[in-house]
Structure formats: structure tokens, C-alpha cells
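1. Pasted the sequence and its predicted model underneath.
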Amino acid sequence: MTAGVGTRRPGADLVRDRTDHLIGGRWVRSAGEPVAVVDPATERVVAHVPAGTAAEATAAVDAAHAAWPAWAATAVAERVGYVRALAAALDAAAEEIGGVVATEVGMPWHLAVPAQVRMPAQVLRTTADLAEGYPWREPTSAGEVLRRPAGVVVAITPWNMPLHQIAAKIGPALVAGCTVVLKPSEVAPLCAYALAELVVAVGLPPGVVNVVSGTGPVVGEALVRDPRTAVVSFTGSVDAGARVAGLAAPGIKRVCLELGGKSANVLLDDAPLDVAVPSAVQQAFFNSGQACNALTRLVVPAALHDEVCERLVAAVGEIRTGDPFDASSDLGPLVSAAQRERVRGHVRRASADGARLLTGGPEAPDGLDVGYYYRPTVFTDVPPDLALAREEVFGPVLAVQVYGSGDAAAVALADSTDYGLAAGVWSADRERARAVGARIRAGQVKVNGVRTRDSLDAPFGGYGRSGLGRELGRYGIDEFVEITSLLG
């Protein structure tokens, strides 16, 4: 769809000022100052949400802690039923909530509906399916193992894939019998408010899910420090994740960290370039490159380098950047002025360091002077010691890296960063690609273009600086249970 003058945009009714938090099943007025929510396509303030206080964070933990015994005692089938109801409610509101995401994040609406709303709904459904066969009680030689609810969960979620990250945390926490306090990103909080309204609408018991908006240093830290919280599930930057882990350490709390990535997409010497290169572009630039698992390094054999670069420039030239509510747009803007400046800084440094710019650059796309738009950018001549090869950009910037020959050289280059979140491998021989993928130190390796969304029962998480723990699948439920060995 293209939204013209006088045309109502999907989600317009949900893009409004919010003054309350959801605490204990009630909308509670916040004492915090308003925080502006900016539409990155227009640079205009479209709503305000409260910057919650530490006292409000504590009140949310009060509610979650009070609700936990009854929720933990609720039958698994009943807990699963609530999660299914929430998934159905998300699906029913997908077009409207997709409009909210397009407005506050900037992803084109026609892409946001399936990726940012229907996929989170499917995460909830998949979690519910897995909970029905999960080994809550498992026999051993001398008794049985019991998997029991861990307690109150703090979920701190990012702005780039807001509902997906919420679903990946609250779905398994709820089926496990935990209660939740959610702190969404203050950059893109409106879709979390839309979800909070659905939590009330489906009748989840008061206090089982609480939502408090605000900043990390105030609300987030108060939640992590609270002695009654048992599990902290955080998605964000490495620095913020380290801060969360440090705050949780005195309480010996379980911490699940889904952090950054500098993921390699490896083309072996027999890779089918007709499909591999378009896929590489899509997997690098999805959501304007604002994805922790974006495959932002394209690792290619020297013999294929020139052809791959030629194909990349042609493919990137066909990308249409523009209004998130225009159906012809492939990419929208970056989320904020600050994010655009960070990306520009990486691009300028890469050029200064000697990387060769193939296409794109730090200037705004033609005709898009308003909005935080950015040109899709590709560099080559990026050796492993360059900052562009080591540091997460979180924008539409792809680095081409070359290895001489042999699968071992490809694996070594893929593993040449401190991150290990994701990777891709391409070969005309699927078994060869799988064998190479099994050697790469990454939490999720995609063979011949498979995407995370194609396998929502597969674990997601990383090695090294990419984090701790796993989300999705039965492994996501594991994060929210304690294990008792009952002997005799």
C-alpha cells in the first residue's frame, strides 16, 4: 500500500501518548517525565511514553512476585492456553501493530507485518507446542528430574525487533510458570504498549505480565538489582549486557544475554552465485542492517571476488529506500539520528583505514533529505584487523573479505572476530556446506540461505561476546526453569 494524503495509516490509533505502566493488571499513572518517540521517516515526535522511576520498577516486581505462586501452580495446559490466546490476538492485530513498528522503527509496513508481528505470534505458538511435550518430569535411574518455574523474570528488550524479542522471552517464561516484568526500549516502546493491551484483553491473571517503560540506567537497573528477580533476559549491546551481568552477579541470578554479532556469510568455491548473492544482500540489509544476526561479512574465495563484487553492486543498486508506508520501499530509515551518525562514523573510518568503497557511502540517498535514511553500502579490501571487520555497525553496511583457497581458510576467516552469533555457508553441495558450517564457532549457522524465521524451534544465541544462553525452541524454555533431582 502507499499512504497518500488523507489516507489512514495502519496503526495510527495505537501511535499515541502513554502515561501509564501495566502493573498488577492495572494501568498505573507514572510519575516519570515524558520521553519522546520519534518517527525516523519524518523526524517528528509522534508520541510520548513515561520514563519510569525506580519505585515504579519495584512496584512491578511487587506485582510479579505476588502473582508468581498461583501462576507457578497453574496447570501447564492452562498456561499454554494463555500463550496461544496471546499469539492469536497478535495475529488478529498484525496489520495495525505492523503500522506501529513502521512508524517507530522505520521498517517498511509490508515487511513489518510478517517479520515484526506475525513471526512473534508464531514464536509464541511454537513455544506453546513445545511446552506440551517438554520434559517437566523426567525419570532417572534413582528417581526423577523435575523442571520447575524459576521465579520472577526481568525481560529487557531492544528497539530493532521489539515484538520478536519480547515473544522470545515472555513466551517460554510464561509456559515455564514464571511471571514477568518487561522493560521495552524507550526508543520504540509503542508496540510493547499494544502488546500490553492484548495481555489484558486475553485475560492473563493480574501481575503475570507487567510492563514498565523507561531507561536502562533507571528502570532496567532497578529491576536487575531487585533481590526478588530470579532470571534476567536481556537483548542489546555488549557493553550494556556486561553492565547487566555485573549488576546481577551479587544476587547470583541467572542471566541470558543476546548481544551483538559480526557474522560471516561464507561462499565456498562452488557457491551458486545466482541465488547466493541476492540472499547475501537480503541477509545483510534486512531492517536496514539493524539486526544482531545480520550477515555483515561476505567471505569469498579470491577466484570469485571480482564477479561477486560486480553482482553485489548490481543487486544493491536495485534496492529501493524510502517511505515505510510505500509498498515499493525495500528499506526504510535507520531508527534515529544518533544511529545514523554511528553508522556514518563506521563508514568514514573504514574509508580512512583503506577499505575500498564499492557502492553507497555516508551521504543521504537522493531525494531523502528528511528522515534518517542511509545508502546501502558495500566495502571490499577489508582485512581481519580493520575495525569494519571486527566491530558491529548495526546499519546497512556489508564488508567483503577474501580468503585464498580451501575450506579451512574460509572457516578461519569466518572465526576471526570476538563474536559468534550467526553465520552462513553456501555451496552447490549441501553436505559440504553443512560440514563447513559445523566447524564455524557460531550459535546458529544457516546453510544455503535458510533464515532464522524458517526454524523457530531451533536455538538462537551466541559464542564469545555474542552472549550467554539460548532463546527459541525447548532451549528457550530451559532458561526459565530450575532443576530438582528427586531421588528415591
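-> Great, that's in hand. What you see is a predicted model; the values in this text were computed from it and never measured. Numbers count the residues shown, from 1 in each chain.

2. And stretch 320-329, end to end?
-> In stretch 320-329, first residue to last residue: 5 Å (CA to CA, to the nearest Å).

3. same question, stretch 474-488
-> 27 Å.

4. Find out how far it is from the centre of the chain, if you would.
-> Relative to the centre of its chain, stretch 474-488 is centred 25 Å away, using CA atoms, centre = their mean, to the nearest Å.

5. what's that stretch in contact with?
-> 127, 130-131, 134, 140, 142-150, 153, 168, 171-173, 175-176, 178, 231, 233, 254, 256, 457, 459, 461, 469-471 (CB atoms under 8 Å, 6 or more residues apart in numbering). (Glycine included, C-beta is placed from N, CA and C.)

6. try stretch 354-367
-> Outside stretch 354-367, the residues within contact range by CB under 8 Å, 6+ apart are 309, 312-313, 316-317, 321, 343-344, 347-348, 350-351, 373-382, 386, 388, 396-397, 399-400.

7. Let's see the ChimeraX selection covering just the buried ones among the residues you listed.
-> Buried residues within these, by 16 or more other CB atoms under 10 Å, are selected in ChimeraX with:
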select :309,312,316,321,343,344,347,350,373,374,375,376,377,378,379,380,381,382,386,388,396,397,399,400
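
8. List only buried entries from the contacts of stretch 474-488.
-> Neighbour counting by 16+ other CB under 10 Å classes 127, 130-131, 134, 147, 149-150, 153, 168, 171-173, 175-176, 178, 231, 233, 254, 256, 459, 461, 469-471 among the contacts of stretch 474-488 as buried.

9. that older thread, next, check the contacts of stretch 354-367 against the strands and list the overlap.
-> Among the contacts of stretch 354-367, the members falling in strands (DSSP state E) are 377-380, 397, 399-400.

10. Tell me the buried residues in stretch 474-486?
-> For stretch 474-486, by 16+ other CB under 10 Å, it's 474-481.

11. Out of those, name the ones that lie in helices.
-> Cross-referencing the buried residues of stretch 474-486 against helices under DSSP state H gives 474-478.

12. pLDDT and distance to V123 for the residues you listed - can I get that in a markdown table?
-> Converted to a markdown table, these look like this (pLDDT from 0 to 100; distance: CB to CB, whole Å):
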| residue | pLDDT | distance to V123 |
| --- | --- | --- |
| R474 | 95 | 13 |
| Y475 | 95 | 13 |
| G476 | 97 | 9 |
| I477 | 98 | 12 |
| D478 | 97 | 16 |
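
13. Tell me the one of those residues nearest G289?
-> Of all these, G476 has the smallest distance to G289: 25.3 Å, by CB to CB.

14. how near is the closest one to F460?
-> G476 sits 8 Å away from F460, taking CB to CB, to the nearest Å as the criterion.

15. How about V370: what's its closest non-neighbour residue?
-> Nearest residue to V370, sequence neighbours excluded (CB to CB, 6 or more residues apart in numbering): E43, at 6.1 Å.

16. Would you check that that neighbour makes contact with A337?
-> Yes: in this structure, E43 is within contact of A337 by CB atoms under 8 Å, at 7.5 Å.

17. Tell me the helices and strands packed up against the longest helix that the chain contains.
-> Using DSSP H to define each element, the chain has its longest helix at helix 54-73. Applying 3 or more CB pairs under 8 Å, 6 or more residues apart in numbering; DSSP states H and E, one finds that helix 54-73 contacts strand 20-23, strand 143-149, strand 152-156, strand 179-183, strand 209-211, helix 221-225.

18. let's go with 7 Å and repeat that
-> Counting contacts by 3 or more CB pairs under 7 Å, 6 or more residues apart in numbering; DSSP states H and E, helix 54-73 is packed against strand 20-23, strand 152-156, strand 179-183, strand 209-211, helix 221-225.

19. could those be laid out in CSV, adding distance to D91 and mean pLDDT?
-> Shown next, in CSV, are these (distance: least, CB to CB, whole Å; pLDDT from 0 to 100):
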stretch, distance to D91, mean pLDDT
strand 20-23, 21, 98
strand 152-156, 21, 98
strand 179-183, 20, 98
strand 209-211, 18, 98
helix 221-225, 29, 98
